[in-house]
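> here are the coordinates; sequence isn't available:
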């Protein structure tokens, strides 16, 4: 005759059940944990590459100036570096720019730079002048008096040739 007593799980049945449940939970947790981590690593690598490429790019505020006594000293046709400007009316043909004094160590006189973010005035310039000491993080593009001026926040400046 059989015993009609219900069988309760033994201690080993509970252990096996718990191990299986923990393994299943562990596998789900592991998959959830590893998947986002791989994405983050890829994004960090991409950001590092971008930063390495743009080390020599400076974000500045760009303005314009004219080679006239009201905006320069008493010799407006001679820049701070000693470069001569043929005439105020053709100043833009020289493609000179002034940098604020805090940028002069990075972009010394004679440095050829590329400027972007200034609309029609984007292009290649030579650093030949400095701005008044009250300005920091600025560049000033030399233009003709008949040209339209402006101010551009977030303009970018970088050296064209790396040996400068």
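Right, received. Where do you want to start? Note that the structure is a prediction, hence the values are computed from the model and not measured.

> wait, residue 113 sits on residue 155?
No: the criterion here is Cβ atoms under 8 Å, and residue 113 misses it with residue 155 at 11.1 Å. Where you see a C-beta, it was placed from the backbone N, CA and C, and this is true even at glycine.

> what residue ranges in the protein score low on pLDDT?
1-9, 14, 21-55, 74, 161-164 (pLDDT under 70).

> Tell me how it divides into domains.
Listed by automatic domain parsing, the domain ranges of the chain are 10-55, 57-159.

> so who does the closest residue to residue 130 other than its chain neighbours touch?
Closest residue to residue 130 apart from its sequence neighbours, by Cβ to Cβ, 6 or more residues apart in numbering: residue 80 at 4.7 Å. Listed by Cβ atoms under 8 Å, 6 or more residues apart in numbering, the contact partners of residue 80 are 98, 109, 128, 129, 130.

> could you flag which of those residues are buried?
With burial judged by 16 or more other Cβ atoms under 10 Å, the buried subset of the contacts of residue 80 is 98, 109, 128, 129, 130.

> how about JSON lines for those, with secondary structure and distance to residue 119 added?
Below are those laid out as JSON lines (DSSP: H, G, I helix; E, B strand; the rest coil; distance: Cβ to Cβ, whole Å):
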{"residue": "98", "secondary structure": "strand", "distance to residue 119": "19"}
{"residue": "109", "secondary structure": "coil", "distance to residue 119": "26"}
{"residue": "128", "secondary structure": "strand", "distance to residue 119": "22"}
{"residue": "129", "secondary structure": "strand", "distance to residue 119": "21"}
{"residue": "130", "secondary structure": "strand", "distance to residue 119": "24"}
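
> and the two most separated of these?
Using Cβ to Cβ, the buried ones among the contacts of residue 80 reach their maximum pairwise distance at 98 and 109, which is 10.2 Å.

> Which parts of the protein are strands?
For the chain, the strands defined by DSSP state E cover 57-65, 96-99, 112-116, 123-130, 138-142, 151-159.

> Let me know which of the ones you listed is tucked in deepest.
strand 96-99 (a mean of 26; mean count of other Cβ atoms under 10 Å).
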